[in-house]
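Novice: what follows is a predicted protein model with its sequence.
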Amino acid sequence: MIDQHFTPDPLAEELVATIPQNITGIVVDPAAGEGALLSALRRVVRSDLTFIAIDQDPLAVRALLAGQPDWTVSRADTLNPRSRSASTSWKIARKQGVELVLLNPPFSYRGGPSIETSFGDFRGRLSPAAQFVAISLSELRPRIGMWAILPDGVIHGEKYRGFWEEVRKSYSIQVVRELSSSSFSGVRARCSLVAIRPCVLPSGVKEPMRGVTSNVVRAIGCRCVDVVRGRVPRHREFDPVEATAPYLHTTNVQAGAIVGTLATAPRALATGGPFVVLPRIGSPKGKIAVASTGVVLSDCLIALRPLSASNLSSLCQQLHVDAVGIADLYRGTGALYVTIGSVVDYLQGRGWHVRVAKASQEPSECNCGAQRTSSNGGTLRNSRKRGFELGGAEPIGSLSAQA
(Lines give C-alpha, C1' and ligand atoms only; values in the text may rest on other atoms or scores of the structure.)
Protein backbone atom coordinates (compact mmCIF):
# COMPACT_ATOMS: atom_id res chain seq x y z
CA MET A 1 0.00 0.00 0.00
CA ILE A 2 1.27 3.49 -0.83
CA ASP A 3 1.29 6.07 1.95
CA GLN A 4 -1.11 8.94 1.26
CA HIS A 5 -0.47 12.38 2.72
CA PHE A 6 -2.10 15.03 0.55
CA THR A 7 -0.41 18.40 0.11
CA PRO A 8 -1.73 21.10 2.50
CA ASP A 9 -2.86 24.25 0.68
CA PRO A 10 -0.29 26.56 2.38
CA LEU A 11 2.52 24.24 1.33
CA ALA A 12 1.18 24.05 -2.23
CA GLU A 13 1.02 27.85 -2.40
CA GLU A 14 4.57 28.11 -1.09
CA LEU A 15 5.82 25.77 -3.80
CA VAL A 16 4.10 27.49 -6.73
CA ALA A 17 5.27 30.90 -5.51
CA THR A 18 8.78 29.95 -6.66
CA ILE A 19 7.69 28.99 -10.21
CA PRO A 20 8.06 31.44 -13.15
CA GLN A 21 4.77 33.22 -13.74
CA ASN A 22 4.98 33.57 -17.53
CA ILE A 23 4.54 29.90 -18.36
CA THR A 24 2.06 28.49 -20.88
CA GLY A 25 1.23 24.99 -22.04
CA ILE A 26 0.67 21.70 -20.23
CA VAL A 27 1.28 21.23 -16.51
CA VAL A 28 1.21 17.66 -15.19
CA ASP A 29 0.90 16.29 -11.66
CA PRO A 30 1.52 12.52 -11.87
CA ALA A 31 0.53 11.98 -8.20
CA ALA A 32 -2.24 14.56 -8.03
CA GLY A 33 -4.15 13.38 -4.97
CA GLU A 34 -6.64 16.13 -4.17
CA GLY A 35 -5.10 18.41 -6.80
CA ALA A 36 -3.68 20.98 -4.35
CA LEU A 37 -0.55 21.74 -6.40
CA LEU A 38 -2.39 22.30 -9.68
CA SER A 39 -5.09 24.35 -7.95
CA ALA A 40 -2.49 26.58 -6.29
CA LEU A 41 -0.78 27.17 -9.63
CA ARG A 42 -4.06 28.06 -11.31
CA ARG A 43 -4.73 30.70 -8.64
CA VAL A 44 -1.33 32.32 -9.25
CA VAL A 45 -0.72 31.99 -12.99
CA ARG A 46 -3.28 33.72 -15.20
CA SER A 47 -1.81 32.63 -18.53
CA ASP A 48 -3.21 29.86 -20.70
CA LEU A 49 -2.43 26.53 -19.03
CA THR A 50 -3.68 23.00 -19.57
CA PHE A 51 -3.84 20.94 -16.37
CA ILE A 52 -3.36 17.17 -16.39
CA ALA A 53 -3.95 15.26 -13.15
CA ILE A 54 -3.07 11.57 -12.70
CA ASP A 55 -3.59 9.44 -9.60
CA GLN A 56 -4.18 5.76 -8.85
CA ASP A 57 -6.70 6.34 -6.04
CA PRO A 58 -10.22 5.98 -7.53
CA LEU A 59 -11.77 8.21 -4.86
CA ALA A 60 -9.25 11.00 -5.54
CA VAL A 61 -9.81 10.70 -9.30
CA ARG A 62 -13.59 10.79 -8.87
CA ALA A 63 -13.35 13.94 -6.77
CA LEU A 64 -11.07 15.62 -9.32
CA LEU A 65 -13.39 14.79 -12.19
CA ALA A 66 -16.32 16.29 -10.29
CA GLY A 67 -14.52 19.35 -8.97
CA GLN A 68 -12.23 20.23 -11.89
CA PRO A 69 -14.24 19.74 -15.11
CA ASP A 70 -11.75 21.78 -17.15
CA TRP A 71 -8.82 19.50 -16.23
CA THR A 72 -7.76 16.32 -18.02
CA VAL A 73 -7.96 13.68 -15.31
CA SER A 74 -7.30 9.95 -15.43
CA ARG A 75 -6.70 7.08 -13.08
CA ALA A 76 -3.28 5.47 -13.52
CA ASP A 77 -0.37 4.12 -11.53
CA THR A 78 2.56 6.26 -12.67
CA LEU A 79 5.01 3.65 -11.40
CA ASN A 80 3.48 0.93 -13.57
CA PRO A 81 4.57 1.03 -17.27
CA ARG A 82 1.40 -0.70 -18.50
CA SER A 83 -0.82 1.64 -16.52
CA ARG A 84 1.01 4.69 -17.90
CA SER A 85 0.70 3.39 -21.45
CA ALA A 86 -3.06 2.91 -21.03
CA SER A 87 -3.57 6.38 -19.54
CA THR A 88 -5.15 8.93 -21.88
CA SER A 89 -3.66 11.75 -19.81
CA TRP A 90 -0.16 10.32 -20.01
CA LYS A 91 -0.50 9.84 -23.77
CA ILE A 92 -1.62 13.46 -24.25
CA ALA A 93 1.26 14.75 -22.13
CA ARG A 94 3.89 12.81 -24.04
CA LYS A 95 2.45 13.61 -27.46
CA GLN A 96 1.87 17.36 -27.00
CA GLY A 97 4.85 18.12 -24.75
CA VAL A 98 4.92 19.25 -21.14
CA GLU A 99 5.86 22.68 -19.81
CA LEU A 100 6.07 21.84 -16.12
CA VAL A 101 5.70 18.90 -13.73
CA LEU A 102 4.43 19.43 -10.19
CA LEU A 103 5.00 16.58 -7.79
CA ASN A 104 4.35 15.44 -4.25
CA PRO A 105 5.05 11.72 -4.65
CA PRO A 106 4.39 8.94 -2.13
CA PHE A 107 7.42 8.94 0.15
CA SER A 108 7.42 5.16 0.62
CA TYR A 109 5.63 1.88 0.32
CA ARG A 110 4.57 0.69 3.74
CA GLY A 111 6.92 -2.25 4.26
CA GLY A 112 7.64 -2.50 0.55
CA PRO A 113 10.99 -2.65 -1.27
CA SER A 114 12.67 -0.15 -3.52
CA ILE A 115 12.18 -0.50 -7.28
CA GLU A 116 14.68 -1.39 -10.00
CA THR A 117 14.96 1.71 -12.19
CA SER A 118 16.85 2.87 -15.26
CA PHE A 119 17.57 6.55 -15.87
CA GLY A 120 20.18 7.49 -18.45
CA ASP A 121 23.33 5.59 -17.50
CA PHE A 122 22.00 4.91 -13.99
CA ARG A 123 20.79 1.42 -13.11
CA GLY A 124 19.71 0.72 -9.56
CA ARG A 125 16.95 0.53 -6.99
CA LEU A 126 15.02 3.65 -6.08
CA SER A 127 12.25 4.45 -3.63
CA PRO A 128 8.82 5.36 -5.07
CA ALA A 129 9.53 9.09 -4.58
CA ALA A 130 12.78 8.95 -6.55
CA GLN A 131 11.22 6.77 -9.23
CA PHE A 132 8.44 9.33 -9.76
CA VAL A 133 11.19 11.87 -10.47
CA ALA A 134 13.02 9.51 -12.83
CA ILE A 135 9.90 8.59 -14.82
CA SER A 136 8.63 12.16 -15.08
CA LEU A 137 11.96 13.54 -16.29
CA SER A 138 12.73 10.73 -18.74
CA GLU A 139 9.26 10.35 -20.31
CA LEU A 140 7.62 13.77 -19.94
CA ARG A 141 10.78 15.91 -20.31
CA PRO A 142 9.20 19.11 -18.91
CA ARG A 143 10.42 22.18 -20.79
CA ILE A 144 11.10 24.36 -17.73
CA GLY A 145 11.49 21.50 -15.28
CA MET A 146 9.93 19.98 -12.19
CA TRP A 147 8.96 21.49 -8.84
CA ALA A 148 8.61 18.78 -6.21
CA ILE A 149 8.24 18.06 -2.51
CA LEU A 150 10.77 15.31 -1.78
CA PRO A 151 11.82 13.51 1.41
CA ASP A 152 15.27 14.50 2.62
CA GLY A 153 16.32 10.85 2.68
CA VAL A 154 15.88 10.75 -1.09
CA ILE A 155 17.61 14.09 -1.70
CA HIS A 156 20.66 13.38 0.46
CA GLY A 157 20.76 9.58 0.87
CA GLU A 158 23.98 7.86 -0.13
CA LYS A 159 22.15 5.17 -2.12
CA TYR A 160 20.63 7.85 -4.36
CA ARG A 161 23.95 9.52 -5.11
CA GLY A 162 24.44 7.82 -8.49
CA PHE A 163 20.92 8.69 -9.57
CA TRP A 164 21.30 12.41 -8.78
CA GLU A 165 24.69 12.49 -10.48
CA GLU A 166 22.97 11.22 -13.62
CA VAL A 167 20.18 13.81 -13.25
CA ARG A 168 22.78 16.60 -12.95
CA LYS A 169 24.11 15.76 -16.41
CA SER A 170 21.02 17.48 -17.85
CA TYR A 171 19.40 19.36 -14.96
CA SER A 172 20.26 21.77 -12.19
CA ILE A 173 18.90 20.80 -8.78
CA GLN A 174 18.06 23.48 -6.22
CA VAL A 175 16.67 22.95 -2.74
CA VAL A 176 14.34 25.94 -2.58
CA ARG A 177 13.46 25.46 1.05
CA GLU A 178 13.78 22.86 3.80
CA LEU A 179 10.41 22.18 5.39
CA SER A 180 9.35 21.45 8.94
CA SER A 181 9.04 17.77 9.87
CA SER A 182 5.41 18.52 10.77
CA SER A 183 4.47 19.94 7.34
CA PHE A 184 2.11 17.02 6.72
CA SER A 185 -0.68 16.24 9.14
CA GLY A 186 -0.41 12.86 10.85
CA VAL A 187 3.20 12.14 9.98
CA ARG A 188 6.63 13.51 10.89
CA ALA A 189 8.90 13.50 7.88
CA ARG A 190 11.69 15.90 6.93
CA CYS A 191 11.31 17.06 3.35
CA SER A 192 12.18 19.96 1.06
CA LEU A 193 10.87 21.98 -1.85
CA VAL A 194 13.09 21.16 -4.82
CA ALA A 195 13.36 22.76 -8.26
CA ILE A 196 14.82 20.54 -11.00
CA ARG A 197 15.43 22.58 -14.13
CA PRO A 198 17.11 21.85 -17.49
CA CYS A 199 20.71 23.04 -17.68
CA VAL A 200 19.81 24.77 -20.95
CA LEU A 201 16.70 26.80 -20.15
CA PRO A 202 14.20 28.15 -22.70
CA SER A 203 14.57 31.83 -23.59
CA GLY A 204 12.89 34.15 -21.12
CA VAL A 205 13.21 31.72 -18.19
CA LYS A 206 15.78 32.71 -15.57
CA GLU A 207 17.92 30.29 -13.60
CA PRO A 208 17.05 30.39 -9.86
CA MET A 209 19.63 31.73 -7.44
CA ARG A 210 21.90 29.04 -6.10
CA GLY A 211 22.81 28.64 -2.46
CA VAL A 212 25.75 30.61 -1.10
CA THR A 213 28.91 28.54 -0.68
CA SER A 214 30.84 29.18 2.51
CA ASN A 215 34.44 30.34 2.34
CA VAL A 216 36.88 27.54 1.60
CA VAL A 217 39.41 26.94 4.36
CA ARG A 218 42.40 25.00 3.11
CA ALA A 219 44.63 22.77 5.15
CA ILE A 220 48.28 23.74 5.59
CA GLY A 221 50.92 21.45 4.12
CA CYS A 222 49.68 17.93 3.39
CA ARG A 223 45.95 17.96 2.73
CA CYS A 224 45.40 14.20 2.76
CA VAL A 225 42.75 12.86 5.13
CA ASP A 226 41.19 9.43 5.54
CA VAL A 227 37.45 9.11 6.16
CA VAL A 228 36.71 5.97 8.15
CA ARG A 229 33.28 4.63 9.07
CA GLY A 230 33.12 2.66 12.31
CA ARG A 231 31.91 -0.90 11.97
CA VAL A 232 31.37 -2.49 15.41
CA PRO A 233 27.76 -2.49 16.72
CA ARG A 234 27.15 -1.49 20.33
CA HIS A 235 25.37 -4.74 21.19
CA ARG A 236 28.14 -7.04 19.91
CA GLU A 237 29.76 -9.20 22.60
CA PHE A 238 33.42 -10.33 22.72
CA ASP A 239 35.54 -12.74 24.67
CA PRO A 240 36.92 -10.70 27.62
CA VAL A 241 40.37 -12.23 27.04
CA GLU A 242 40.50 -10.84 23.48
CA ALA A 243 38.84 -7.50 24.24
CA THR A 244 41.84 -5.36 25.17
CA ALA A 245 41.33 -2.20 23.08
CA PRO A 246 39.10 0.73 24.08
CA TYR A 247 35.73 0.80 22.29
CA LEU A 248 34.41 4.26 21.47
CA HIS A 249 30.68 4.98 21.08
CA THR A 250 28.77 8.25 20.59
CA THR A 251 27.73 8.21 24.26
CA ASN A 252 31.41 8.60 25.17
CA VAL A 253 31.66 11.88 23.23
CA GLN A 254 30.20 14.82 25.15
CA ALA A 255 30.85 18.56 24.95
CA GLY A 256 33.64 18.01 22.43
CA ALA A 257 35.63 15.56 24.56
CA ILE A 258 36.01 11.82 25.23
CA VAL A 259 34.47 11.09 28.62
CA GLY A 260 33.72 8.16 30.87
CA THR A 261 35.16 4.68 31.11
CA LEU A 262 35.09 2.90 27.77
CA ALA A 263 34.08 -0.66 27.05
CA THR A 264 36.57 -2.92 25.27
CA ALA A 265 36.80 -4.84 21.99
CA PRO A 266 39.47 -6.93 20.21
CA ARG A 267 42.50 -4.92 19.16
CA ALA A 268 42.29 -6.43 15.67
CA LEU A 269 39.23 -4.24 15.08
CA ALA A 270 40.98 -1.04 16.15
CA THR A 271 41.54 1.93 13.84
CA GLY A 272 44.96 3.58 13.71
CA GLY A 273 44.97 7.25 14.59
CA PRO A 274 44.91 9.80 16.05
CA PHE A 275 41.77 11.17 14.41
CA VAL A 276 38.72 13.38 14.81
CA VAL A 277 35.45 11.56 15.46
CA LEU A 278 31.96 12.74 14.64
CA PRO A 279 28.61 10.94 14.93
CA ARG A 280 27.05 9.21 11.96
CA ILE A 281 23.53 9.37 13.43
CA GLY A 282 21.90 12.17 15.40
CA SER A 283 22.96 15.74 16.01
CA PRO A 284 26.71 16.54 15.78
CA LYS A 285 26.43 19.25 18.45
CA GLY A 286 28.99 18.47 21.17
CA LYS A 287 29.80 15.15 19.48
CA ILE A 288 33.03 16.09 17.68
CA ALA A 289 36.29 15.29 19.47
CA VAL A 290 39.89 14.14 19.02
CA ALA A 291 40.68 10.51 19.88
CA SER A 292 43.99 8.66 20.17
CA THR A 293 45.23 5.74 18.10
CA GLY A 294 44.23 2.13 18.66
CA VAL A 295 40.52 2.73 19.28
CA VAL A 296 37.72 0.45 18.10
CA LEU A 297 35.04 2.61 16.49
CA SER A 298 31.33 2.09 16.98
CA ASP A 299 29.24 1.80 13.82
CA CYS A 300 27.63 5.09 14.92
CA LEU A 301 30.89 7.02 14.45
CA ILE A 302 32.93 8.39 11.56
CA ALA A 303 36.64 9.13 11.96
CA LEU A 304 38.58 11.80 10.04
CA ARG A 305 42.30 11.02 10.04
CA PRO A 306 44.64 13.70 8.61
CA LEU A 307 47.98 12.28 7.51
CA SER A 308 49.74 15.41 8.76
CA ALA A 309 49.58 15.56 12.56
CA SER A 310 49.85 19.34 12.45
CA ASN A 311 46.40 19.41 10.83
CA LEU A 312 44.65 17.27 13.46
CA SER A 313 43.76 20.03 15.90
CA SER A 314 43.09 22.52 13.09
CA LEU A 315 40.63 20.10 11.47
CA CYS A 316 38.81 19.60 14.75
CA GLN A 317 38.71 23.36 15.31
CA GLN A 318 37.43 23.92 11.78
CA LEU A 319 34.55 21.51 12.39
CA HIS A 320 33.63 23.28 15.62
CA VAL A 321 33.80 26.73 14.02
CA ASP A 322 31.67 25.62 11.09
CA ALA A 323 28.98 24.17 13.36
CA VAL A 324 26.18 25.30 11.06
CA GLY A 325 27.82 23.78 7.98
CA ILE A 326 28.42 20.49 9.78
CA ALA A 327 24.87 20.33 11.12
CA ASP A 328 23.59 20.94 7.60
CA LEU A 329 25.24 17.69 6.46
CA TYR A 330 22.90 15.68 8.67
CA ARG A 331 19.74 14.81 6.81
CA GLY A 332 17.04 12.17 6.77
CA THR A 333 13.32 11.87 6.32
CA GLY A 334 13.13 10.44 9.85
CA ALA A 335 16.24 10.25 12.06
CA LEU A 336 19.08 12.60 11.14
CA TYR A 337 22.21 10.98 9.73
CA VAL A 338 25.24 11.89 7.66
CA THR A 339 26.55 9.92 4.69
CA ILE A 340 30.17 9.22 3.85
CA GLY A 341 29.61 10.96 0.53
CA SER A 342 28.43 14.14 2.24
CA VAL A 343 31.47 14.15 4.51
CA VAL A 344 33.77 13.60 1.52
CA ASP A 345 32.13 16.45 -0.41
CA TYR A 346 32.40 18.74 2.60
CA LEU A 347 36.11 18.05 3.10
CA GLN A 348 36.93 18.33 -0.59
CA GLY A 349 35.14 21.66 -0.72
CA ARG A 350 37.49 22.89 1.99
CA GLY A 351 40.71 21.86 0.34
CA TRP A 352 41.29 18.36 1.68
CA HIS A 353 42.50 15.42 -0.42
CA VAL A 354 40.16 12.64 0.71
CA ARG A 355 40.40 8.85 0.75
CA VAL A 356 37.65 6.60 2.11
CA ALA A 357 39.36 3.89 4.19
CA LYS A 358 38.19 0.78 6.01
CA ALA A 359 38.12 0.79 9.79
CA SER A 360 41.22 -1.41 10.17
CA GLN A 361 43.08 0.05 7.18
CA GLU A 362 46.38 1.77 7.92
CA PRO A 363 46.92 5.44 6.99
CA SER A 364 47.88 5.86 3.36
CA GLU A 365 50.87 7.66 1.92
CA CYS A 366 50.51 11.29 0.93
CA ASN A 367 48.88 11.75 -2.47
CA CYS A 368 48.57 15.53 -2.59
CA GLY A 369 52.28 16.18 -3.18
CA ALA A 370 52.81 18.29 -0.06
CA GLN A 371 55.59 17.78 2.47
CA ARG A 372 54.30 16.71 5.86
CA THR A 373 55.71 17.56 9.25
CA SER A 374 54.69 16.61 12.74
CA SER A 375 53.23 19.06 15.24
CA ASN A 376 56.63 19.41 16.97
CA GLY A 377 58.47 20.12 13.72
CA GLY A 378 59.87 16.61 13.26
CA THR A 379 59.72 14.62 10.06
CA LEU A 380 56.62 12.50 9.49
CA ARG A 381 57.43 8.99 8.33
CA ASN A 382 55.12 6.52 6.62
CA SER A 383 54.97 2.91 7.70
CA ARG A 384 52.65 0.50 5.93
CA LYS A 385 52.61 -1.83 8.94
CA ARG A 386 52.40 0.62 11.81
CA GLY A 387 50.72 3.64 10.22
CA PHE A 388 52.42 7.00 10.68
CA GLU A 389 54.78 7.86 13.49
CA LEU A 390 55.21 11.23 15.13
CA GLY A 391 58.76 12.30 15.90
CA GLY A 392 58.52 12.39 19.67
CA ALA A 393 54.85 13.45 19.83
CA GLU A 394 52.59 11.98 22.49
CA PRO A 395 49.18 10.42 21.68
CA ILE A 396 46.36 12.94 21.64
CA GLY A 397 43.23 12.46 23.71
CA SER A 398 44.30 9.35 25.64
CA LEU A 399 41.46 7.00 26.56
CA SER A 400 40.86 4.78 29.56
CA ALA A 401 39.31 1.38 28.90
CA GLN A 402 37.24 -0.73 31.20
CA ALA A 403 39.08 -3.91 32.09
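Specialist: It's in.
Novice: all helices for the protein, in order.
Specialist: Taking DSSP state H as the test, the helices found in the chain are 9-16, 36-44, 58-67, 81-86, 88-96, 128-135, 152-156, 161-167, 312-321, 323-327, 340-348.
Novice: quick check: which of the ones you listed is nearest to residue 179?
Specialist: Minimum separation from residue 179 across the helices of the chain (Cβ to Cβ) falls at helix 9-16, 7.3 Å. Bear in mind the C-beta positions are built from the backbone N, C-alpha and C, glycine included.
Novice: returning to that earlier point: and the helices of the chain, which one's lowest on average pLDDT?
Specialist: When mean pLDDT is averaged over each of the helices of the chain, helix 312-321 scores lowest at a mean of 81.
Novice: quick one: buried residues of it?
Specialist: Residues 312, 315-316, 318-319 are the ones in helix 312-321 that count as buried (16 or more other Cβ atoms under 10 Å).
Novice: chain center to stretch 144-162: distance?
Specialist: 8 Å (Cα atoms, centre = their mean, to the nearest Å).
Novice: oh sorry, the question was meant for stretch 302-315
Specialist: Offset of stretch 302-315 from its chain centre (Cα atoms, centre = their mean): 24 Å.
Novice: so how far is the first residue of that stretch from its last?
Specialist: 14 Å (Cα to Cα, to the nearest Å).
Novice: so how many other residues sit close to the closest residue to residue 67 other than its chain neighbours?
Specialist: Excluding the flanking residues, the one nearest residue 67 by Cβ to Cβ, 6 or more residues apart in numbering is residue 35, at 7.4 Å. When counting by other Cβ atoms under 10 Å, one arrives at 24 neighbours for residue 35.
Novice: ok, residue 50 next?
Specialist: Neighbour tally, residue 50, other Cβ under 10 Å: 17.
Novice: pLDDT weak spots in this structure?
Specialist: When residues are selected by pLDDT under 70, those of the chain lie in 1-5, 46, 108-113, 180-189, 200-221, 369-403.
Novice: hey, where'd the strands end up in the stretch 151-300 of the chain?
Specialist: Listed from the start of the chain, the stretch 151-300 of the chain has strands (DSSP state E, counting those that start in this stretch) covering 171-178, 191-198, 224-229, 243-248, 253-254, 257-258, 263-266, 275-279, 289-291, 296-297.
Novice: closest to residue 325 out of those strands?
Specialist: Shortest distance between residue 325 and those, using Cβ to Cβ, is found for strand 275-279: 12.4 Å.
Novice: who does that closest one touch, helix- and strand-wise?
Specialist: strand 289-291, strand 301-306, helix 312-321 (3 or more Cβ pairs under 8 Å, 6 or more residues apart in numbering; DSSP states H and E).
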